[in-house]
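*Asks:* Kindly return the folded structure for what I paste below:
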Amino acid sequence: MAVNRVMSESLPHFKRFYVCFEALKRGWKEGCRPILGLDGCFLKGPFKGKMLSAVGKDENNQMYQV
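*Replies:* Sure, this is the predicted structure:
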């Protein structure tokens, strides 16, 4: 997690945030093909920014969120 402060008296805000649950990480290592698909989009509305996502395919050809 990274936090930016423009001025010392301003409130901090998030620059980036990463989450990976242990069960997903373990499932990826044990049952998925070693190929990742990446996608992204721009967020609009009150929370501006970009959202990136990575997915793979498991043994049943189903999408698996990484």
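*Asks:* So Val19 versus Gln65, what's the distance?
*Replies:* With the distance defined as C-beta to C-beta, to the nearest Å, Val19 ends up 11 Å from Gln65. Quick note: C-beta positions are derived from backbone N, CA and C, even for glycine.
*Asks:* more crowded one of those two?
*Replies:* Shown here are Val19 and Gln65; by other C-beta atoms under 10 Å, Gln65 has more neighbours (12 against 6).
*Asks:* wait, what's in contact with that one?
*Replies:* By C-beta atoms under 8 Å, 6 or more residues apart in numbering, the residues touching Gln65 are 24, 53-55.
*Asks:* Show me what it is bridged to.
*Replies:* Val55 (DSSP bridges).
*Asks:* how about the helices in the chain?
*Replies:* 22-31 (DSSP state H).
*Asks:* got the residue ranges for the strands in it?
*Replies:* Ranges of strands within the chain are 2-4, 13-16, 37-43, 49-57, 63-65, based on DSSP state E.
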